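1. need a 3D model of the following:
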Amino acid sequence: MKIFYDTEFLENGSTIRLISIGMVREDGKALYRVVYDYTLLKDVWSHDWLRHNVFPSLPYQMTEDGIAMDHSHLDYKDIANREEIAEDVKRFVLDTPNPELWAYYGAYDHVAICQLFGRMIDLPTGFPMYTRDLKQEIMRLGNPRVPEQATGAHNAFMDACWNKDTYEFLQGLQRAKELILERD
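-> Modelled structure (predicted):
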């Protein structure tokens with residue numbers, strides 16, 4: 001079963017630090033987690049692009065005293081430490097029959113997900129060792145224009161949902177091409 005996912009992360013050329021992860025399966029089962037790490041949050045806030053594009057969707061707020069959890073935010077319940085997130089992701093993936101990971105431009109996403117468990121060779125038994133890439137699938141199908149994401153860009157869960165929608169759109173295009181070829 002396909003698992004569409006996305007991560008938000010902070011990277012500096014040598015490390016990739018997970019900020020949040022969103023996952024949604026073909027059957028609609030979903031997971032969303034946001035890392036609780038005060039040092040990471042300060043670094044996210046200090047990074048101009050992340051502050052403007054990712055931070056607004058996180059269940060945190062800037063206060064006079066610094067960054068604080070936003071208890072009124074809808075995603076407040078999804079805050080967890082890295083160890084809890086690793087366990088949740090492991091359970092989500094391994095509870096999926098024949099899990100297949102899919103992401104959009106997913107190279108860094110795959111590294112971020114693997115690093116939840118340490119090194120890639122430390123992945124739990126049965127955990128996929130690679131991620132299929134939606135951008136490659138788009139190119140394989142002739143680079144068709146895909147629907148734009150209406151809302152929630154750079155929210156890992158909303159991006160994962162868009163990945164699922166995009167895959168389904170591409171499958172529809174593929175089926176339409178096959179039908180046309182059958183008629184000819």
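
2. all contacts plus neighbour counts: C-alpha atoms, from now on.
-> OK.

3. now the lengthiest helix in the chain: buried residues?
-> Identified as the longest helix of the chain according to DSSP state H is helix 156-183. Neighbour-count burial for helix 156-183 flags 156-167, 170 (criterion: 16 or more other CA atoms under 10 Å).

4. next one: stretch 117-136
-> Under the neighbour-count criterion of 16+ other CA under 10 Å, stretch 117-136 has 117, 123, 127, 128, 131, 132, 133, 134, 135 buried.

5. which of those fall within helices?
-> Those of those lying in helices (DSSP H): 134, 135.

6. so which of the buried residues of stretch 117-136 would you say is closest to residue 178?
-> Closest approach between the buried residues of stretch 117-136 and residue 178, by CA to CA: residue 134, at 19.7 Å.

7. pLDDT at the closest one, what is it?
-> For residue 134, the pLDDT comes out at 98.

8. gap between the nearest residue to it once chain neighbours are set aside and residue 43?
-> With sequence-adjacent residues excluded and distances taken as CA to CA, 6 or more residues apart in numbering, residue 134 is closest to residue 104, at 4.8 Å. Separation of residue 104 from residue 43 (CA to CA, to the nearest Å): 25 Å.
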